[in-house]
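Student: I would like the atomic coordinates for the input below:
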Amino acid sequence: MSATTAAAAPTVRVQPRARPLGWWAMVLVIATEAAIFAGLLSSYFFVRAASVQWPQGGIAEPELRAIVPFTVVLLASSAPLFWAEAAMRAGRLPAVRAGLALSFALGAGFLANQVVEYRGLGFGIDANAYASLFYVITGLHGLHVLVGLAISAVVQAKAWTGRLRPDRHLTLSVFTLYWHFVDVVWVAVFTSLYLAVRW
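Tutor: You can find the predicted model right below:
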């Protein structure tokens, strides 16, 4: 090939790889769920602004003794997933399995505490508007945690059966995206229902 021909050859540009459809689908789900939580929290503060007493009906403010450490537990459950994703890119499957298992255990611990908390509240969902909002908002978040644990179980099964590889791990990426969203939502719920009620 002559120098002239080489100079005339077109330059090939490598286009950045687009996000897979599954990733965008999860982003859409997260956006929808975020809007639902935003609406519920807005309703909570609207009802609070219109109420003479808050919580209504002489209900005590939610206790912080257990929920604070379990909030730390839930937020900490995201850290092993960052580790698992990095390990997956490096092809270290044992570390991926360990990270997923640790995150699952922390999330399950948080959910178990929520069940214990419900049993000790002393009021039902139909007591008044405050009670209804408290149960619906925290319950919806708990449902998201439960769904996240189910997805985690599926991802862990794939990790143990060799169906996750450095070049093929969409389910892991989608799950971690969802779980980080669950953690971020809890920050908003915890701040609104457990901390702001004292201000």
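Student: For the protein, which segments count as helices?
Tutor: Under the criterion DSSP state H, the chain contains helices at 3-8, 21-49, 67-76, 79-89, 93-119, 129-160, 170-190.
Student: do you know which of these lies nearest Gln56?
Tutor: helix 129-160 (4.4 Å; CB to CB). Placement of C-beta: from N, CA and C, glycine included.
Student: could you give the angle of that closest one to helix 93-119?
Tutor: Relative orientation of helix 129-160 versus helix 93-119 (axes from the mean of the first three to the mean of the last three CA atoms, to 10 degrees): 160 degrees.
Student: tell me the mean pLDDT over helix 129-160?
Tutor: Throughout helix 129-160, pLDDT has a mean value of 98.
Student: Any buried residues in it, and which?
Tutor: 129-135, 137-138, 141-142, 144-145, 148-149, 151-152, 155-156, 158-159 (16 or more other CB atoms under 10 Å).
Student: returning to that earlier point: Glu61: which of the helices of the chain is closest?
Tutor: It's helix 129-160; of those, that one is closest to Glu61 (CB to CB) at 10.5 Å.
Student: From Ser77, how far out is the closest residue to Phe45 other than its chain neighbours?
Tutor: Of all residues not flanking Phe45 in the chain, Ser192 sits nearest, at 7.3 Å (CB to CB, 6 or more residues apart in numbering). As for Ser192, its distance to Ser77 is 21 Å (criterion: CB to CB, to the nearest Å).
Student: Check Gly122 too.
Tutor: Distance, Gly122 to Ser77, using CB to CB: 29 Å.
Student: ok, now Val155?
Tutor: Counting by CB to CB, the gap from Val155 to Ser77 is 14 Å.
Student: Repeat that for Val182.
Tutor: Val182 is 9 Å from Ser77, by CB to CB.
Student: So between these two, which is more surrounded?
Tutor: Comparing Val182 with Ser77 by other CB atoms under 10 Å, the one with more neighbours is Ser77, at 25 against 22.
Student: Provide a list of residues in contact with the more buried one.
Tutor: Listed by CB atoms under 8 Å, 6 or more residues apart in numbering, the contact set of Ser77 reads 102-103, 106-107, 110, 179, 183.
Student: burial of the closest residue to it other than its chain neighbours, as a residue count?
Tutor: Spatial nearest neighbour of Ser77, chain neighbours left out: Leu106 (3.7 Å); criterion: CB to CB, 6+ apart. When neighbours are counted by other CB under 10 Å, Leu106 registers 20.
Student: ditto for Phe110
Tutor: The tally of other residues near Phe110 (other CB under 10 Å) stands at 26.
Student: which residues does it contact?
Tutor: 70-71, 73-74, 77, 145.
Student: Repeat that for Val29.
Tutor: Applying CB under 8 Å, 6+ apart, the residues near Val29 are Tyr178.
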